[in-house]
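Colleague: any chance you can model this:
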Amino acid sequence: MVNRKLLMTSLRINFSLKVLPWLSGKKGRRYQVGALAILVSIFLMGGYYFVHKGSGLSLADGQETNQENANGLIDTWAISVKGTPILYLASQAEAAEVLVETKKNYLPNVKDAQKGAQINVERTEFLEDVQIVQSQSSVGQLKTKEEAIEAMLKGLDKTVPYTVKKGESLWTVARNNDMTVAELEEINPSLKGKYLQIGQTLNLKKIEPLVTVVSTLTMTVEEKIPCKVVYENDSSLWKGQQKVKKAGTNGIREVTYRISKANNQETEKQTLQEKVLREPEAKVVCTGKKAMVASRDGGGSGTLGWPIRGKITSPYGVKRGRSIHTGLDIDGVTGNPVFAAGAGTVTRAAWYGNYGKCVEINHGKGMVTRYAHLSALNVTVGQKISRGDLLGKVGSTGRSTGSHLHFEVIKNGKFVSPRRYLN
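Modeller: Next up, the predicted model:
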């Protein structure tokens with residue numbers, strides 16, 4: 001007969017039911033076969049149970065062992081939240097480590113903090129009543145320390161009912177609840193087809209946090225103080241043009257905050273102290289006020305103003321192969337401002353085929369003006385503008401051979417010579 005004490009010190013049975021027998025002592029080799037036979041006998045008689053070394057339980061004889069098997073439970077340590085055991089571990093030490101690691105996860109990481117930030121954690125605790133208590137559980141309920149930490153941080157899945165609303169589908173219900181359609185179908189096996197009925201009840205999978213870690217910390221950081229922008233009129237610039245006269249400099253201040261968080265979500269932020277380290281210097285920008293004036297001989301009615309100043313490089317009506325030029329090409333430098341020829345509403349401000357970046361304005365009474373090949377757009381569709389307002393910048397986008405403005409006037413849906421209406 002194999003010595004019982006020697007057998008107990010020679011067998012370790014883990015909770016995943018994997019058995020690794022070995023024997024120690026001078027007579028170890030002699031008892032290998034005998035130990036294996038006894039182990040098989042134990043399994044056949046049902047007189048065994050599994051115990052984690054740290055819990056203090058071990059193989060036992062007779063009545064006590066049979067009672068444990070009948071209940072199917074073993075002694076464990078549980079993490080209890082609001083009086084309810086939620087996670088079971090093999091030892092009190094492991095449970096304590098899980099709580100420490102959970103809190104540590106929500107502490108600020110100095111490496112990830114702002115450069116130069118000084119952080120002082122004042123408190124970190126659980127919002128709920130969290131305790132470590134002795135308990136009992138089945139082997140299948142036991143978790144390793146790593147599994148328990150993951151559960152504490154990510155939460156556990158929970159099934160909740162959901163009532164289908166008008167206009168919803170499997171796809172929208174899944175998307176709005178951070179699920180896939182496949183996951184939704186898996187937890188709703190009674191679903192038939194892809195269509196839902198208003199008022200139908202579905203099961204949804206929700207991840208419910210196990211605990212809330214609240215923390216308070218103070219953080220001292222350096223922040224920039226944005227410089228102010230001062231505008232000055234410049235009569236040498238056209239209306240809509242700007243030029244930086246003096247570049248500004250941002251200031252720097254040192255601020256100490258007290259920050260409260262719940263599971264890393266900021267719930268409150270107080271400014272405790274603020275000190276200016278460097279005052280900001282204002283940025284000075286010159287803005288043009290010079291208005292466009294008449295600059296053409298033999299002009300028209302003056303209903304419209306010239307959109308830019310420049311030489312006409314291609315007049316209206318010139319034949320170009322099989323087509324006729326539908327507007328005026330006015331020479332200009334890329335980046336120069338383009339102004340509205342009259343008051344109206346912007347009906348187009350986008351790329352428009354061969355026109356490139358293009359703006360169209362509806363002036364009412366059947367009149368529309370078009371400004372093409374722009375390098376930049378400064379208006380949006382639906383915007384109300386006045387005569388002389390900045391529309392965009394001269395460019396060479398679309399079908400263009402060089403920087404210029406292509407200007408068209410459309411009256412009652414037909415192209416007309418712009419010079420009939422320009423002053």
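Colleague: could you check stretch 89-108 and say which residues are buried?
Modeller: For stretch 89-108, the neighbour count (16 or more other C-beta atoms under 10 Å) marks Leu89, Ala90, Ser91, Glu94, Ala95, Val98, Leu99, Thr102, Lys103, Tyr106, Pro108 as buried. For glycine as for every other residue, the C-beta is placed from the backbone atoms N, C-alpha and C.
Colleague: and what of stretch 136-154?
Modeller: Counting neighbours by 16+ other C-beta under 10 Å, stretch 136-154 gives Ser137, Val139, Gln141, Leu142, Lys143, Lys145, Ala148, Ile149, Ala151, Met152, Leu153 as buried.
Colleague: same thing with stretch 167-185?
Modeller: Here stretch 167-185 shows Glu168, Leu170, Val173, Ala174, Met179, Leu184 as buried, counting by 16+ other C-beta under 10 Å.
Colleague: out of those, who's nearest Val121?
Modeller: Met179 (35.9 Å; C-beta to C-beta).
Colleague: so that closest one: helix, strand or coil?
Modeller: Counting by DSSP: H, G, I helix; E, B strand; the rest coil, the backbone at Met179 sits in coil.
Colleague: got the phi and psi for it?
Modeller: phi -130, psi 170 (degrees, to the nearest 10).
Colleague: kindly report the same for Lys283.
Modeller: Per degrees, to the nearest 10, the backbone of Lys283 is at phi -90, psi 130.
Colleague: my read: it touches Gly248, true?
Modeller: Yes. Counting by C-beta atoms under 8 Å, Lys283 touches Gly248, with 2.9 Å between them.
Colleague: joint contacts of these two?
Modeller: Residues touching both Lys283 and Gly248 by C-beta atoms under 8 Å, 6 or more residues apart in numbering: Cys227, Lys228, Val229.
Colleague: please convert the residues you listed to a markdown table, extending it with distance to Ile207 and pLDDT.
Modeller: Below are the shared contacts of Lys283 and Gly248 laid out as a markdown table (distance: C-beta to C-beta, whole Å; pLDDT from 0 to 100):
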| residue | distance to Ile207 | pLDDT |
| --- | --- | --- |
| Cys227 | 46 | 95 |
| Lys228 | 47 | 96 |
| Val229 | 47 | 95 |
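Colleague: among these, which one has the most neighbours?
Modeller: Highest neighbour count within the shared contacts of Lys283 and Gly248: Cys227, with 16 neighbours (other C-beta atoms under 10 Å).
Colleague: report the secondary structure state of that one.
Modeller: coil.
Colleague: do you know how far it is from Thr249?
Modeller: 6 Å (C-beta to C-beta, to the nearest Å).
Colleague: touching both of those two, which residues are there?
Modeller: Pro280, Glu281.
Colleague: residue ranges with poor pLDDT in the chain?
Modeller: 1-71, 109-115, 240, 291-302 (pLDDT under 70).
Colleague: quick one: contacts for Lys224?
Modeller: Asn250, Gly251, Ile252, Arg253.
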